[in-house]
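>>> below are the sequence and a predicted model; questions follow.
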Amino acid sequence: MTQQTPAFDAGSALSALRQSEASVRRATNPNPPILYLLWGTVYTLGYLAVHAALFGWLPMSLPLALTIFAALTAAGAAISAALGAHAGKGLRGESRRRGMFYGLTWASGMICVGFIVVALLRLYLESATVIWLSSVIATLLVGVLFATAGAAFLDRSIFFQGIALLVANVGTLLIGPGPFVLVGWLAACAVLFIGAVIAARRTTNRLN
């Protein structure tokens, strides 16, 4: 009696491949929705604290507000680094180097922004003006990095998020360092929260 070989099930094979891909992604990728949500929260709380101190709608001194913003940023950087280190364990070769170079670009850019802020402080400008210009420079850097990454990797979502950050930044420039600058700041934060939603939907679609 001849034993028949089971017919090849293309659907089952495709499902197995997708499950394998999803497992690899979960093991090697930092969670993009968490990163977007993390930095959206950091900047929203930081900008609210600084704005409250500058314009007096909360009993908070400017040094305290800046300390809160710095602490939030440090915590965000630590969490981001931990997620990136976890993801890097599963990467080798070109992918690992690409991620390392991109991360170094971000770090170098932010260090430059820090030196620019120090230079602005030495000009003895008003506090509101220094913070306004600092936020504009930082958002410009982040927007350009987003748009460049989207263009390099042909990722339209990241590219248009970068463009949206640059548009929000133009709004911040036009508003100026007065009380309404919070509108521009929160618009930039909204782009990050929208990015979290988009990234979560994309992650869900990939896992299904």
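Received it, and whenever you're ready, just let me know what you need.

>>> mind checking the SS state of residue 178?
Under the three-state scheme (DSSP: H, G, I helix; E, B strand; the rest coil), residue 178 adopts coil.

>>> residues near the spatially closest residue to it that is not a sequence neighbour, how many?
In space, and not counting its chain neighbours, residue 178 is closest to residue 128: 7.5 Å by C-beta to C-beta, 6 or more residues apart in numbering. Quick note: C-beta positions are derived from backbone N, CA and C, even for glycine. Residue 128 sits with 18 neighbouring residues when counted by other C-beta atoms under 10 Å.

>>> ok, the one 4 residues further on next?
Residue 132 sits with 24 neighbouring residues when counted by other C-beta under 10 Å.

>>> dump the residue contacts of it.
172, 176-177, 181 (C-beta atoms under 8 Å, 6 or more residues apart in numbering).

>>> now list the buried members of those residues.
Among the contacts of residue 132, those classed as buried by 16 or more other C-beta atoms under 10 Å are 172, 177, 181.

>>> take these and lay them out in a markdown table including distance to residue 148.
Shown next, in a markdown table, are these (distance: C-beta to C-beta, whole Å):
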| residue | distance to residue 148 |
| --- | --- |
| 172 | 20 |
| 177 | 28 |
| 181 | 26 |
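
>>> any idea which helix or strand comes after the strand or helix carrying the residue nearest to residue 178?
Secondary structure assignment for residue 128, by DSSP states H and E: helix 127-152. Counting by DSSP H and E, the next helix or strand C-terminal to helix 127-152 is helix 156-175.

>>> can you give me the buried ones in the following helix or strand past that next one?
The first helix or strand that comes after helix 156-175 along the chain, using DSSP H and E, is helix 181-207. Buried residues in helix 181-207, counting neighbours by 16+ other C-beta under 10 Å, are found at 181-182, 184-189, 191-193, 195-196, 198-200, 203.

>>> helix/strand/coil for the most centrally placed residue in the chain?
The C-alpha lying nearest the average C-alpha coordinate of the chain belongs to residue 36 (C-alpha atoms, centre = their mean; 4.9 Å). Of the three states, residue 36 takes helix under three-state DSSP.

>>> and for the one 10 residues further on?
With three-state DSSP as the basis, residue 46 sits in helix.

>>> check what pLDDT the closest residue to it other than its chain neighbours gets.
If you skip the residues right next to it in sequence, residue 46 has residue 69 as its closest partner in space, 3.7 Å away by C-beta to C-beta, 6+ apart. Listed pLDDT for residue 69 reads 88.

>>> what bits of the protein have low per-residue confidence?
Scanning the chain for pLDDT under 70 picks out 1-31, 84-96, 98-100, 206-208.
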